[in-house]
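K.L.:
This is the structure alone, sequence omitted:
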């Protein structure tokens, strides 16, 4: 038997150049904005109310496959791959989060969308928080899925810092090797981060892991955490997020999340006019896939209560 952990074993034969996985009834396109060639997957009526759905790591637009395959009446679901993820081209920057915010705003401009509903999970949720803080006039509301909000204090954050230290420094330091040359995603991330295993069969996990064998995707994932730990965490420790959210925010949080503690999304510490947190029992980190019916229902409710002007 090898002496190293099983997830460090070489991956089986894979095809990182394969196309996007099939989702019933979607439309696909490429849109260039701010130097990024975005891959866009969407469904629902082209003249419907637009909903921008942003994924996290280690995923791409397929995280919203249930919502895309069954869009709520009247809603146009738009799920881009974030810069350097999935089938989008790499960003001309090192994935500083405020730069990605600028990329996404440029994408909205390129799509001709003045105002949208926003859904974000994991890093897509973090980017979404920054989006509504920078450009609240562009968003009707935010549905944030299993992500810490940006208004952290040392007293709240430090007891849970160990969760981030388990995986973020290795990804920041060795991410390209881990994504391309090991079974890190298959045997560790999608094993410990998931409560509802039925939604993460071999084909689903393969659709994510294989794409990160691509050098651009592996580099992007590494940069995502490297810029966070080397630049954004020190900046936040010194200043913190002082902007106040005026856009309605609804947070859904699977409490069996091994990476992020629900207290980091608490209502009491959110600097927001209208922020509500709903804890979801028997659900892990990947709530959009583990509880797709609940996410869809909360999106429908949010759309009904936040009519566009």
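P.N.:
Right, received. Where do you want to start? The structure displayed is predicted, hence computed values, not measured ones.

K.L.:
Specify the local secondary structure of residue 217.
P.N.:
Three-state call for residue 217 (DSSP: H, G, I helix; E, B strand; the rest coil): helix.

K.L.:
swap that for residue 42, please
P.N.:
Under three-state DSSP, residue 42 falls in the strand class.

K.L.:
And it, how far from residue 202?
P.N.:
Distance of residue 42 to residue 202, computed by Cβ to Cβ, to the nearest Å: 27 Å. (Each C-beta comes from the backbone N, C-alpha and C, glycine too.)

K.L.:
Of the two, which one has the most company?
P.N.:
Ranked by neighbour count (other Cβ atoms under 10 Å), residue 42 and residue 202 place residue 42 first, with 23 against 8.

K.L.:
Quick check, pLDDT for residue 10.
P.N.:
pLDDT, residue 10: 58.

K.L.:
Number of residues surrounding residue 278?
P.N.:
Neighbour number of residue 278 under other Cβ under 10 Å is 11.

K.L.:
ugh, wrong one, I meant residue 98
P.N.:
For residue 98, the count of nearby residues is 12 (other Cβ under 10 Å).

K.L.:
what helix or strand is it on?
P.N.:
Taking DSSP states H and E as the definition, residue 98 sits inside helix 97-111.

K.L.:
Just list whatever residues bridge to residue 79.
P.N.:
Per DSSP bridges, the residues bridged to residue 79 are residue 41.

K.L.:
who are the neighbours in contact with it?
P.N.:
40-42, 53-55, 61, 63-64, 67-68 (Cβ atoms under 8 Å, 6 or more residues apart in numbering).

K.L.:
thinking again about what came up before, report all helices and strands that the next helix or strand after the helix holding residue 98 contacts.
P.N.:
Later in the chain than helix 97-111, the nearest helix or strand by DSSP H and E is strand 116-121. Applying 3 or more Cβ pairs under 8 Å, 6 or more residues apart in numbering; DSSP states H and E, we find strand 116-121 packed against strand 49-54, helix 123-134, strand 139-145, helix 292-305.

K.L.:
counting contacts, what elements does the last one pack onto?
P.N.:
So that's helix 292-305. strand 49-54, helix 65-69, strand 75-80, strand 116-121, strand 139-145, strand 249-254, helix 287-290.

K.L.:
I'd like the ones you listed written out as JSON lines, with distance to residue 169 added.
P.N.:
Listed next are the helices and strands packed on helix 292-305 as JSON lines, based on distance: least, Cβ to Cβ, whole Å:
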{"stretch": "strand 49-54", "distance to residue 169": "24"}
{"stretch": "helix 65-69", "distance to residue 169": "31"}
{"stretch": "strand 75-80", "distance to residue 169": "28"}
{"stretch": "strand 116-121", "distance to residue 169": "22"}
{"stretch": "strand 139-145", "distance to residue 169": "25"}
{"stretch": "strand 249-254", "distance to residue 169": "24"}
{"stretch": "helix 287-290", "distance to residue 169": "25"}
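
K.L.:
so which of these comes closest to residue 155?
P.N.:
Checking those against residue 155 by Cβ to Cβ gives strand 249-254 as the closest, at 19.7 Å.

K.L.:
Can you pull the phi and psi angles for residue 62?
P.N.:
Note on residue 62: its backbone torsions stand at phi -60, psi -20 [degrees, to the nearest 10].

K.L.:
Enumerate every residue touching it.
P.N.:
By Cβ under 8 Å, 6+ apart, the contact list for residue 62 reads 20-21, 23, 55, 86, 204, 207-208.

K.L.:
if we can go back for a sec, tell me which of the helices and strands packed on strand 116-121 approaches residue 158 most closely.
P.N.:
helix 123-134 (18.8 Å).

K.L.:
what's the average pLDDT for the closest one?
P.N.:
Mean predicted lDDT for helix 123-134 stands at 98.

K.L.:
okay, the angle between it and strand 249-254?
P.N.:
Going by axes from the mean of the first three to the mean of the last three Cα atoms, to 10 degrees, helix 123-134 is angled at 160 degrees with respect to strand 249-254.

K.L.:
got the angle for helix 123-134 vs strand 75-80?
P.N.:
Using the same axes, to 10 degrees: helix 123-134 against strand 75-80 is 110 degrees.

K.L.:
now for helix 123-134, which elements pack on it?
P.N.:
For helix 123-134, the elements it packs on are strand 49-54, helix 97-111, strand 116-121, strand 139-145, judged by 3+ Cβ pairs under 8 Å, 6+ apart.
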